[in-house]
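Asker: What follows is a protein structure lacking sequence information:
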């Protein structure tokens with residue numbers, strides 16, 4: 001079984017730089033269609049079932065608005 005993860009993005013902290021979208025190797029993040037309170041389009045997890053918990057999005061986020069959790073039962 002492949003490694004699986006869950007991503008949580010704080011929409012209000014995000015400034016919309018999209019570094020996380022570019023850093024994702026499995027391309028599960030995309031620009032949201034709804035604005036946050038700052039008038040920006042934060043990223044959204046479009047395909048959560050494909051997340052491999054690699055941590056790339058977390059590492060490149062300058063605003064620390066991404067959390068990643070490895071799901072139990074998934075192999076490393």
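Answerer: Done, it's in. All of these numbers come straight from a predicted model, not from anything done at the bench. Numbers count the residues shown, from 1 in each chain.
Asker: Go ahead and confirm residue 62 touches residue 19.
Answerer: Yes. Proximity of residue 62 to residue 19 meets the contact threshold set by CB atoms under 8 Å, at 7.1 Å. (Each C-beta comes from the backbone N, C-alpha and C, glycine too.)
Asker: neighbour count winner among these two?
Answerer: Using other CB atoms under 10 Å as the criterion, residue 62 and residue 19 rank with residue 19 on top: 15 against 9.
Asker: Can you pull the phi and psi angles for the closest residue to residue 17 other than its chain neighbours?
Answerer: By the measure of CB to CB, 6 or more residues apart in numbering, the closest residue to residue 17 outside its immediate chain neighbours is residue 62, 6.6 Å from it. Torsion angles at residue 62 (phi, psi; degrees, to the nearest 10) stand at phi -70, psi -20.
Asker: Now do the same contact list for residue 62.
Answerer: For residue 62, the set of contacting residues under the criterion of CB atoms under 8 Å, 6 or more residues apart in numbering consists of 15, 17, 19.
Asker: from those, which is closest to residue 42?
Answerer: residue 15 (8.4 Å; CB to CB).
Asker: and the closest one, what does it touch?
Answerer: When contacts are counted by CB under 8 Å, 6+ apart, residue 15 is found next to 38, 40, 62-63.
Asker: Which one (most neighbours) among the residues you listed?
Answerer: Using other CB under 10 Å as the neighbour test, the contacts of residue 15 are led by residue 40, with 15 neighbours.
Asker: counting contacts, what elements does the helix or strand containing residue 69 pack onto?
Answerer: Here residue 69 is covered by strand 66-70, with elements defined by DSSP states H and E. Under the contact criterion of 3 or more CB pairs under 8 Å, 6 or more residues apart in numbering; DSSP states H and E, the helices and strands touching strand 66-70 comprise strand 5-9, helix 56-60.
Asker: Quick check: buried residues in it?
Answerer: Residues 66, 68 are the ones in strand 66-70 that count as buried (16 or more other CB atoms under 10 Å).
Asker: Stretch 49-62 now?
Answerer: By neighbour count on 16+ other CB under 10 Å, the buried set for stretch 49-62 is 51-53, 56-58, 60-61.
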